[in-house]
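# coords please:
(one chain, ligands or ions: 1)
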Amino acid sequence: MERLRVIGGASLRGSVHVSGAKNSALKLMAATLLAEGASTLHDVPAITDVDYMGELLTRLGAHVSRADGTITVDVPEKLAHEAPYELVRRLRASICVLGPLLARCGAADVALPGGDAIGSRGLDMHIAGLQRLGAEVNVEHGFVVARAPHGLKGAMIGLDFPSVGATENILMAAVLAEGETVIDNVAREPEIADICHMLRDMGAQIEGIGTSTLYVHGVESLRPTEHVTVPDRIVTGTWAVAAAMTRGDITVTNGRAEHLELVLDKLSTAGAVVEPGPDGLRVAMSGRPRAIDVVTLPYPGFPTDLQPMVVALNAVAQGTAMITENVYEARFMFVNELARLGAEVRIDGHHAVVRGREKLSGAPVVATDIRAGAGLVLAGLVAEGETLVSAVHHIDRGYPDFVGQLSRLGADVTREPDPDRFDN
Ligand code: EPU
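Predicted coordinates:
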């Protein structure tokens, strides 16, 4: 186990490059299973979740090779169809092999990922959607067991909520189903458009990309492809908030302002200068940020994955902010850790009232998930003295070279063994 030692006080300044999105790359890797042969993905981030997905694809029979940001997945004609618990528990996103395996093999046994530190994460919409495509799907002995021995058939599917994972699983099954599928109320995150474009390049017929309704005309088979992952808007947003919080000036290259409209709008309201450019964006702040109210919602709403960072920003802002979390019931859990740094936050159901203070004060804290970890590091940057963030492996799941990038921007952050923690 390792931890980060953050010494507060620096204003982050300089330029930082953002690579491809975790939440796209993992799904693009799963999508390669849909075609026999070697697909190549570029700008895949160097994070542990990508390592785990590589292991899972290998277990399913693919040959995975990696050099810098490029991954090649060579998929055999016949795949194994079981994703075992010991791999799925490390990576919830492994559930996205369900749709591709069912479409390719007519069978998929994927271990149930279970709950995690941001709340229970249901699969009812994934299951109902695949059943509408004609699969028999049951939950047995801790596995989702899906069968479609005679293939899948196109159907009309309406999601109760624009779930990212359910949209992806149903889409990846539908592209090889017989006939037309219409999926309504789909997630519109840029990562969904990214996978749609890749599937199209593989020969899938998909209309409505970027809208709430996807129209899929099933095809018999797909071909391998080469694809560049969409840049990570959550990492971009993390740097944008970091610039505003630390009264710094950061240029994020490869960051796409158009994927963060609401976030950048909020940062402008907080007093930041926001300048979108041709190859990224710049965020600068000279004084103390003003408090900003935020309501998390599916895209294009404010992303839940940036909620911890914005709570941290409000903890040192001028004024009081109300943050409403609509996506994960337990995502305010990390607030108890933030309170250890002196943040004044009151939780009432899915609302948090944050009263800004001039300064936080360093203390030992624990990262409970990727984004909570990043939020706590940002808080440590504006805390007096030393903040020790333990369970740093959570941050490694989503932020490539976080410490290196922070250091190059002027932060005093080091990584060290954690003598106090041996558990997960
Ligand atoms: N939900 C259900 N039933 C379903 C599907 C979802 O109840 O069948 C609920 C979940 O329990 C959750 C909400 O709907 O409360 C949102 O779930 P969604 O399916 O949209 O999210 P996801 O696919 O599980 C992805 C990202 C998350 C991100 C969310 C929302 C990946 C690997 N994960 O999760 O990213 O927060 O979309 O944008 O793509 C992260 O990167 O830190 C992270 C948690």
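
# For Ala107, list the residues it contacts.
Residues in contact with Ala107 (C-beta atoms under 8 Å, 6 or more residues apart in numbering) are His81, Leu101, Ala146, Arg147, Ala148, Pro149. C-beta: built from backbone N, CA, C; applies to glycine.

# Tell me if the third one really is in a strand.
Okay, so that is Ala146. Yes - with DSSP: H, G, I helix; E, B strand; the rest coil as the criterion, Ala146 is part of a strand.

# which residues does it bridge with?
Ala108, Val137 (DSSP bridges).

# likewise His63?
Beta-bridge partners of His63, counted by DSSP bridges, are Asp74.

# How confident is the prediction for the residue lying farthest from the centre of the chain, by pLDDT?
Most distant residue from the mean C-alpha position of the chain: His150, 34.2 Å away (C-alpha atoms, centre = their mean). Looking at His150, its pLDDT reads 93.

# Identify the residues contacting it.
The neighbourhood of His150, defined by C-beta under 8 Å, 6+ apart, consists of Gly106, Gly134.

# Report how many residues lie close to Val241.
Around Val241 there are 27 other residues, counting by other C-beta atoms under 10 Å.

# So which of the contacts of Ala107 wins on neighbours?
Counting neighbours by other C-beta under 10 Å, Ala146 comes out on top of those with 28 neighbours.

# Tell me the residues of this protein that contact the ligand?
Residues of the chain lying near the ligand by C-beta under 6 Å from any ligand atom: 23, 26, 93, 120-126, 161, 163-166, 187, 304-305, 327-328, 370-371, 398.

# so how far is stretch 166-182 from its chain's centroid?
Chain-centre distance of stretch 166-182: 22 Å, with C-alpha atoms, centre = their mean, to the nearest Å.

# Could you export that stretch as CSV, keeping only the C-alpha atoms?
Extracted in CSV, the C-alpha atoms of stretch 166-182 (Å, rounded to 0.1, in the frame of the first residue of the first chain):
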residue,chain,number,x,y,z
ALA,A,166,-26.6,-0.3,-20.1
THR,A,167,-26.5,1.8,-23.2
GLU,A,168,-23.1,0.3,-24.1
ASN,A,169,-24.0,-3.3,-23.4
ILE,A,170,-27.3,-3.2,-25.3
LEU,A,171,-25.6,-1.4,-28.2
MET,A,172,-22.8,-3.9,-28.5
ALA,A,173,-25.3,-6.7,-28.5
ALA,A,174,-27.6,-5.0,-31.0
VAL,A,175,-25.0,-4.4,-33.7
LEU,A,176,-24.8,-8.2,-34.3
ALA,A,177,-28.6,-8.8,-33.8
GLU,A,178,-30.9,-9.7,-36.6
GLY,A,179,-32.9,-6.6,-37.8
GLU,A,180,-33.6,-3.2,-36.4
THR,A,181,-33.1,-2.1,-32.8
VAL,A,182,-34.2,1.2,-31.4
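
# Arg282 is in contact with Gly255, isn't it?
No - here Arg282 does not reach Gly255: they are 9.5 Å apart, not a contact under C-beta atoms under 8 Å.

# For Glu191, list the residues it contacts.
Contact analysis of Glu191 by C-beta under 8 Å, 6+ apart lists Ala21, Asn23, Ser24, Lys27, Val164, Val230.

# Let me know whether Leu281 touches Thr236 as I believe.
Yes - assessed by C-beta under 8 Å, Leu281 is found in contact with Thr236 at 7.4 Å.

# rewinding a little: among the contacts of Ala107, which two are most distant?
With C-beta to C-beta as the measure, no two of the contacts of Ala107 lie farther apart than Leu101 and Pro149, at 13.4 Å.

# Ala284: neighbour count?
Number of residues near Ala284 (other C-beta under 10 Å) recorded here: 17.

# Tell me the bridge partners for it.
With DSSP bridges as the criterion, Ala284 is bridged to Asp249, Val273.

# mind listing what the residue of the stretch 151-300 of the chain found nearest the ligand touches?
Among the residues of the stretch 151-300 of the chain, Gly165 lies closest to the ligand, at 2.9 Å counting by C-beta to the nearest ligand atom. Gly165 makes contact with Ala93, Ile95, Cys96, Leu123, His126 under the criterion C-beta under 8 Å, 6+ apart.

# chain center to the helix or strand containing it, what's the gap?
Element membership of Gly165 [criterion: DSSP states H and E] is helix 164-174. Mean C-alpha position of helix 164-174 versus that of the full chain (C-alpha atoms, centre = their mean) differs by 16 Å.

# Stretch 153-168 now?
With C-alpha atoms, centre = their mean, you get 19 Å for stretch 153-168.

# Not counting sequence-adjacent ones, nearest residue to Val6?
In this structure, Val6 finds its nearest non-sequential neighbour in Gly380, 3.4 Å apart by C-beta to C-beta, 6 or more residues apart in numbering.
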